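Novice: when you get a sec, could you give me coordinates for this:
(2 chains)
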Amino acid sequence: MSTIAQTVAPYAADFRVTRSRRSVVWTGAGALLVVVVLAYFPYIVHSGTTAILVQAFIVLTLASMWNLLAGYAGLVSVGQQAFVGLGGYFVLILGLHGLSPFAALPISAIGCGVAALPLWWLVSRLRSGYFAIATWVMAATVMLIIEKFSSIGGGTGMPLPGLAGYGPTLLAADTYWAGLAVTVLALLGIYLLLRGRLGLVLTAIRDDEVAARSSGARIGLARLLVFVVAGVGCGAAGAVLAISQLQVQPSAVFSINWTAEMAFATIIGGLGTIEGPIIGTIVYMVLQQTLQSYNAWYLIILGLVAITVALFARRGLWGLVDDRLNVRLFPVGYYLRPQVAGRSSDGKDA
Amino acid sequence: MAWVNAIIQGVLTGGLYALFACGLSLMFGVMKVVNLAHGDLAVVAGYIAIGVITVTHIPVLWSFLIVVPVMAALGYVLQRTIIQGALDRGVLTTLMVTFGLSVVIENGLLQFFSANSRGIGVGLSLITASFSIGSQIQIAYLLVLIFAVAVLVLLGLQFFLSKSKFGRLIRASADDPEATQLAGADYRHVFGIAAALAFATVALGGIAYGMYSQLSPTTGTDTILLFAFAAVVIGGLGSLWGTLLGGVVLGVAQQIGAQINISDEVLAGYIVFLAVLVLRPQGLIGRRAQS
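Specialist: Modelled structure (predicted):
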C-alpha cells in the first residue's frame, strides 16, 4: 500500500499548489481601496448616510459571525442576541464607571468572548435543533438577569453616559469609524482564521462532520473557539449599536430580530463563504431601506426570500455567482495548478 | 398555605406546558425536525379560534372542533412541502427554514393584527369559575380542564403510537424511513400524518393558552416555544410522560419563583431548566447516551 504522498510524488513537479487561480494581490488591493474610500466617507457624505452605513456594518459583522457558526461549525444559534445585548450593556456599565464608550468598545467585545465560555458550557450539552432553542433560552435568561439590576436601568434601560461632550458631527463620524473598524477587523479575523489550521478543521466540519471526526479533527474545541469568536464579534457589534443609538434598552438589544437579520442575510448571501454575508447584507440593506415605511414587512419578505433560498439555492446568491465565474474574493482554500501544458487541472477550491 | 397553593397552581399549569411540548417532542421523535415555528403556529391556532368564535358565535369550548382539523391539515401540507423539502437537504436546512417561518409568522401577525394581546373566552362561566380548598387555595376549573386535556392527549398519543397499526408505521418510519419505503409504505405520507397529529396538539395548546391567558404575536416564541422546549429538556428527550413531568416541574418552579418575587416567575423556570441541563442533561427520566 502506498501513501498518498508516494502516489502523488511523481507528479509533484507537474503541479503547484496555490490559494487561488488568479492573483490575490488584486483583490487585496481592491479591498484596501474600498476600506480607504469608506473611511473617507464622513468628510464627503451627510450624517444620515453614515448612520445607514453604521447599520450595514452592524448587520455585516453579525452576519459574518453567524456564517462562521452555522456555515462552518454547523452550529445554528438563534441566541446570538445575547451577545449583542451584553456588548451594549458592557459599554453602558463601563460608561457608568467613567470610561468613554469608544474606549469601552474593545473591552466589551473581549468581555463578551469571556462570557461565551460559561454559556457554551451550558448550551453545548445539546445538539443541532435542541442546541438552537437552548441558545434562545440562554438569550432570554441573560436578558431577564440583566433586567434585575436597576442600577443599569432595569427593564427600561438607560441613555449611554460619556457622550455629552461630543458635537453631533464628530459623534456621527466617530461612530461610523468605530463601526467600520469593527467590521474590517471582523472580516479580516475570519479570513485569517479560516486560512489557518482551524479553518481546515471548520471546512472539514462544514463538508462532512462524521468524516472530519473520524479523521481526528478536534470538533469540540473548534466549535468552542468559533462560539467564543462569534461572541466577541456580536458583542462588538452590540457595542457599536449602543453607541449609535445613544442608549441601551433591554428589549431592543436582546431582540430576536438581530438573529433573524444575521441569519437571513447569511442564508440569502450564501452560507459557508466569506463573500456570502457581504452580498446578503447588501440585499438586506436595500430591502430594509425601500420598505422601511412599511413596518415589519421587510422582515417578512426577507424571511420568505431566506426560506426560498435555503430550499432552492442552498449556496445562496454568492453560490450562483461562484458557479458561473468561479471566483473567490477571499481565497481560503487551495488549488492545484498545472505546471506542464496539456495536463488538465481539476483542482477545486475547498 | 400560600406555598401549597403555588405548588398546586404550578402542577396545573404544567399540564398546559406539557400540551405545548408534546407536539414539539413528536415532530422531533418521528421526523427529527425541531420546529422553531412551533409556538407561532400555536398562536395562529389561537387567532383562528378567536376569528371562528367571532364569526360563527359557536360556544367557545367547541371552537376546537373547527380549529384542530384546520391546523392538522395545515400540518400535513407544511410537512409534505416545506418541511420535507428542508429535511431532504439536511438538518441545518430544517432549522433555517422553520426559523424563517417563525419570524415570518410572528411579523405577519404583528402586521395584520397589531401587537395588541387578545384572549379567548369572554363570558364563559367556566373560565372565571373556581372552587376553593380551605381559605387560600382557589383552583380554576379551566386549569383543571386543561390539565385533564393534556393527560388525555398524552394517553391518546401513547396508545396510538404503541398499539395501533398506524402508530407502528410511524415508529417504523421514524427508525428507518428508507426501509419502511422498501416495505411498501410511503414514509412521506406517514410523516405528514405525524405532523398533522403534532399540529392538532399545537392547536389545542394555542386555544388553551388563549383561554388561560392572552395571546399576542410574540407569545409564540417568548412563552410557548421556549416553555415547551424547557419542559421537553427537563423531562427528558423523547419521552411523552417525561414531557408531562417536565411541564409540571417547570410550572411549579415558575409559581414558586413568582411567590418569592412576582417578576421572577419566568427566570425561576429557566434557572431550573439550566440546572437540569447541567446536572442531568438526559432529563429527569430520559435515557442516557443521547447522541
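
Novice: what about the residue of chain A found nearest chain B, which helix or strand?
Specialist: Distances between chain A and chain B by CB to the nearest CB are smallest at A:G129, namely 2.5 Å. For every residue, glycine as well, the C-beta is placed using N, CA and C. Secondary structure assigned from DSSP states H and E places A:G129 in helix A:128-147.

Novice: can you pull the buried residues of that helix?
Specialist: By 16 or more other CB atoms under 10 Å in any protein chain shown, the buried positions in helix A:128-147 come out as A:128-144, A:146-147.

Novice: who does that helix touch, helix- and strand-wise?
Specialist: Applying 3 or more CB pairs under 8 Å, 6 or more residues apart in numbering or on different chains; DSSP states H and E, one finds that helix A:128-147 contacts helix A:81-96, helix A:101-123, helix A:250-253, helix A:256-269, helix B:91-113, helix B:226-235, helix B:265-279.

Novice: contacts only, for A:V240.
Specialist: A:V54, A:F57, A:I58, A:T61, A:L105, A:T175, A:A178, A:G179, A:V182 (CB atoms under 8 Å, 6 or more residues apart in numbering or on different chains).

Novice: what is the rounded mean pLDDT of the one helix or strand the second one maps to?
Specialist: Per DSSP H and E, A:F57 falls inside helix A:47-66. Regarding helix A:47-66, the rounded mean pLDDT is 94.

Novice: swap in stretch B:10-29?
Specialist: Average pLDDT, stretch B:10-29: 92.

Novice: remind me, longest helix of chain B?
Specialist: Secondary structure assigned by DSSP state H gives helix B:2-31 as the longest helix of chain B.

Novice: taking helix B:2-31 as reference, get the angle to the helix or strand following that one.
Specialist: On the C-terminal side of helix B:2-31, the closest following helix or strand by DSSP H and E is helix B:38-56. Going by axes from the mean of the first three to the mean of the last three CA atoms, to 10 degrees, helix B:38-56 is angled at 100 degrees with respect to helix B:2-31.

Novice: list the buried residues for helix B:38-56?
Specialist: For helix B:38-56, using 16+ other CB under 10 Å, the buried residues are B:38-50, B:52-53.

Novice: poorly predicted segments of the stretch 151-291 of chain B, please.
Specialist: When residues are selected by pLDDT under 70, those of the stretch 151-291 of chain B lie in B:286-291.

Novice: got the residues of it near chain A?
Specialist: Contact residues, the stretch 151-291 of chain B versus chain A (CB under 8 Å from any CB of the partner chain): B:221-222, B:225-226, B:229-230, B:232-233, B:237, B:263, B:266-267, B:270-271, B:273-274, B:277-278, B:281, B:290-291.

Novice: let's see that with 7 Å instead.
Specialist: Within reach of chain A by CB under 7 Å from any CB of the partner chain, the stretch 151-291 of chain B has these residues: B:221, B:225-226, B:229-230, B:266-267, B:270, B:273-274, B:277-278, B:281.

Novice: give me the buried subset of those residues.
Specialist: Among those, those that count as buried by neighbour count (16+ other CB under 10 Å) are B:T221, B:L225, B:L226, B:F229, B:A230, B:V266, B:L267, B:Y270, B:F273, B:L274, B:L277.

Novice: contacts only, for the fourth one.
Specialist: Looking back up the chat, that one is B:F229. Listed by CB atoms under 7 Å, 6 or more residues apart in numbering or on different chains, the contact set of B:F229 reads A:I133, A:V137, B:L24.

Novice: now with 10 Å?
Specialist: By CB atoms under 10 Å, 6 or more residues apart in numbering or on different chains, the contact set of B:F229 is A:126, A:129-130, A:132-134, A:136-137, B:20-21, B:24-25, B:34, B:36, B:38-39, B:246, B:273.

Novice: ok, now B:T218?
Specialist: Residues near B:T218 by CB under 10 Å, 6+ apart: A:S251, A:I256, B:G39, B:D40, B:V43, B:E106, B:L109, B:L110, B:A115, B:S117.
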